[in-house]
Structure formats: C-alpha cells, structure tokens
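> Fold the stuff below for me.
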Amino acid sequence: MSEASPAILSVRGLCCHFGGLRAVDGLDLDVPRGGILALIGPNGAGKSTTINLLTGALRPSAGSIRLDGVELAGKAAHVVARAGMVRTFQNGRLFARLSVLENVLVGADSRLRAGLAASLLRLPGFRAEEAALVAHAGGLLGRLGMAQDAAREVGTLPYGSQRRLEIARALISRPKLLLLDEPAAGLNAAEVAELGRLILQLRQDGLSVLLIEHNMGLVMRLADHITVLNFGRRIASGTPQAVRDDPRVVEAYLGRRAADARV
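Okay, here's the model as predicted:
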C-alpha cells in the first residue's frame, strides 16, 4: 500500500482459532487515512480478540495486517507500536503510584533512540531526548486539560481523568493509528461529550482512529465508517446510517423477533 492509499490500515482474511473456536473468522476491514472507523458488535463478537491481534498481543492463525504497507501480522507488540499503531485498554493499565507525567512518559518507550549505555550514563544525547519527551508530555497534558495534575499520583485522579490520561500516554509515541478500546466505559454524559470532542480534534489533526465502543450514540456521532462483528465474522460494513438500518445488525443486537418487528 502506498502513501496515497485511502486506508492507513488494511486487514484481510484475519483469523484467530482457539482449538475449535473461531474467535475471529476471515475478517476484512480498512481504517480510512485520517478518519474514524468504529468496530462494533454484541458481547463476545470478537472485538477484543481483533484488537489483540492487530496490536501483537495475540498471533493470528491466518491473515494479513498492513499498516501503511508494512506487514505486521504475527509481529511482537513492541514492533507494532514502533511501526505506529498504539492502543488504549478497556480496563485501564495505568501505574497508580506513579505521577501523571510519569505515566505519560511510559508510553514513549517504543520511540526512545538512546541505548542502554547512554541511558545509564545519562549522556548528553539521552538528556536531550528526555527533555524533549518531557516537553511533549507536558503539551499533551495541557491539551487534555490536565497540566495542573502533572505531579499528582495517578491513583488519586477521578476515573474520567484516568481515561483521558490513557489517551495521552498513547499519543506521546506520535502514532499513525490510535486504537481506542471502549474509551467511554464508565464515563458520565458530560465526560462522554468531552471524549467525543477530543477524538474529533485528533481526527482534525490527521490522526487515524479505530474505535471499539458500546456507546452507540458516541459511535454514530464520530464514525465515518462502521464495521460490525458477530461471532467473529463481519456481518455489515458501511456508513453509520446504513449500518443502523441493516436488519442483520438489528438481529445481532436485539434478536430475530425484534428485527422482524422493525420490518
């Protein structure tokens, strides 16, 4: 895939089998360059397995995962992150006893260029790189309205702030593609609205986003395109309006009787 391709991420025939269970079965999807693709589906549809396959936490049984033309299927998580695909986590993976700033800096690990010797000896090159990362982290916190919390221990933050912090930690590595795993989980209405504004700002900055989310109001407001999974297979893909009205999607979420009642 060239730089001119309309898709930043192209997935073809992605499979993940656990014995006889086909958790993901022949999945195709494309994330538009500079756009937002939402991956949705009922519980157990295969969304979490998919994101684990994309980011190197699981090795696919078959299929291709190409980010900007670079094949990443089966690559280790740190290789995927270095290539420019990073994620947040549904249940949070913050270090509660570290500061807000320190948590953001953890996300820069895949981008560090200084070697072990330079780091241990704190050579000038390492110090310059460290100063640049601290400045970048501070800028991200300022953008998210958290600059005043930089020195605060993460365990003392409200839950909504912790969710925003996870995004800041992902952004410090300057990714090409950001995977958001249910970022609105546990947020109140005001926090969901704030999250939506942040994601749209990131899209305006040119960042591509793959959004896994159960909050359908948020999905319909943000997504350029939606792919729907059920039992590991893609059952629908299209614009938010087309997917919302697809009887296969209604059946997957509400059952056949509800789908028939809408006809």
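> Contacts only, for the residue sitting nearest the centre point of the chain.
Geometric centre of the chain, nearest residue: Leu179, 1.2 Å, by Cα atoms, centre = their mean. When contacts are counted by Cβ atoms under 8 Å, 6 or more residues apart in numbering, Leu179 touches Ile51, Leu54, Thr55, Met85, Val86, Arg87, Thr88, Val209, Leu210, Ile212. Every residue, glycine included, has its C-beta placed from N, CA and C.
> tally of neighbours for Arg22?
Neighbourhood size, Arg22 [other Cβ atoms under 10 Å]: 16.
> And the nearest residue to it once chain neighbours are set aside, how close does it get to Val80?
Spatial nearest neighbour of Arg22, excluding adjacent residues (Cβ to Cβ, 6 or more residues apart in numbering): Gly232 at 5.2 Å. According to Cβ to Cβ, to the nearest Å, Gly232 and Val80 sit 21 Å apart.
> ok, now Leu171?
On the measure of Cβ to Cβ, Leu171 and Val80 end up 16 Å apart.
> hmm, back to that, does the residue nearest to Arg22 touch Lys47 like I think?
No: if you go by Cβ atoms under 8 Å, Gly232 and Lys47 don't touch, sitting 9.8 Å apart.
> what ranges do the helices span in this structure?
47-54, 77-83, 100-106, 116-121, 124-143, 159-171, 189-204, 216-222, 240-244, 247-254, 256-262 (DSSP state H).
> Report the rounded mean pLDDT for the third one.
When the per-residue pLDDT values of helix 100-106 are averaged, the result is 92.
> before we move on, what about the second one?
Model confidence over helix 77-83, given as mean pLDDT, is 94.
> just how off-centre is it within its chain?
13 Å (Cα atoms, centre = their mean, to the nearest Å).
> How many residues are close by Ala7?
By the other Cβ under 10 Å criterion, the neighbourhood of Ala7 contains 18 residues.
> Now do the contacts for the nearest residue to it once chain neighbours are set aside.
Leaving out its chain neighbours, the residue that sits closest to Ala7 by Cβ to Cβ, 6+ apart is Asp30, at 3.9 Å. Neighbouring residues of Asp30 by Cβ under 8 Å, 6+ apart: Pro6, Ala7, Leu9, Ser10, Val11, Leu37.
> Give the residue spans of the chain that score low on pLDDT.
1-4, 110-126, 254, 256-263 (pLDDT under 70).
> Swap in 80 and give it another go.
Flagging of the chain using pLDDT under 80 yields the residue ranges 1-5, 90-92, 109-130, 254-263.
> Out of the helices of the chain, which is the most enclosed?
Using mean count of other Cβ atoms under 10 Å, the stretch among the helices of the chain with the largest mean neighbour count is helix 47-54, at a mean of 23.
> just the CA coordinates of that one, formatted as PDB?
The C-alpha trace of helix 47-54 is given here as PDB (Å, rounded to 0.1, in the frame of the first residue of the first chain):
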ATOM      1  CA  LYS A  47     -13.800  -7.200  19.100                       C
ATOM      2  CA  SER A  48     -11.300  -7.600  21.900                       C
ATOM      3  CA  THR A  49      -9.600 -10.500  20.100                       C
ATOM      4  CA  THR A  50      -9.400  -8.400  17.000                       C
ATOM      5  CA  ILE A  51      -7.600  -5.500  18.700                       C
ATOM      6  CA  ASN A  52      -5.300  -8.000  20.400                       C
ATOM      7  CA  LEU A  53      -4.400  -9.500  17.000                       C
ATOM      8  CA  LEU A  54      -3.800  -6.100  15.500                       C
END
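> got a list of contacts for that helix?
9, 11, 14, 16, 23-24, 27, 39-41, 58-60, 65, 72-73, 80, 85, 87, 90, 179, 181, 210, 212, 229, 232.
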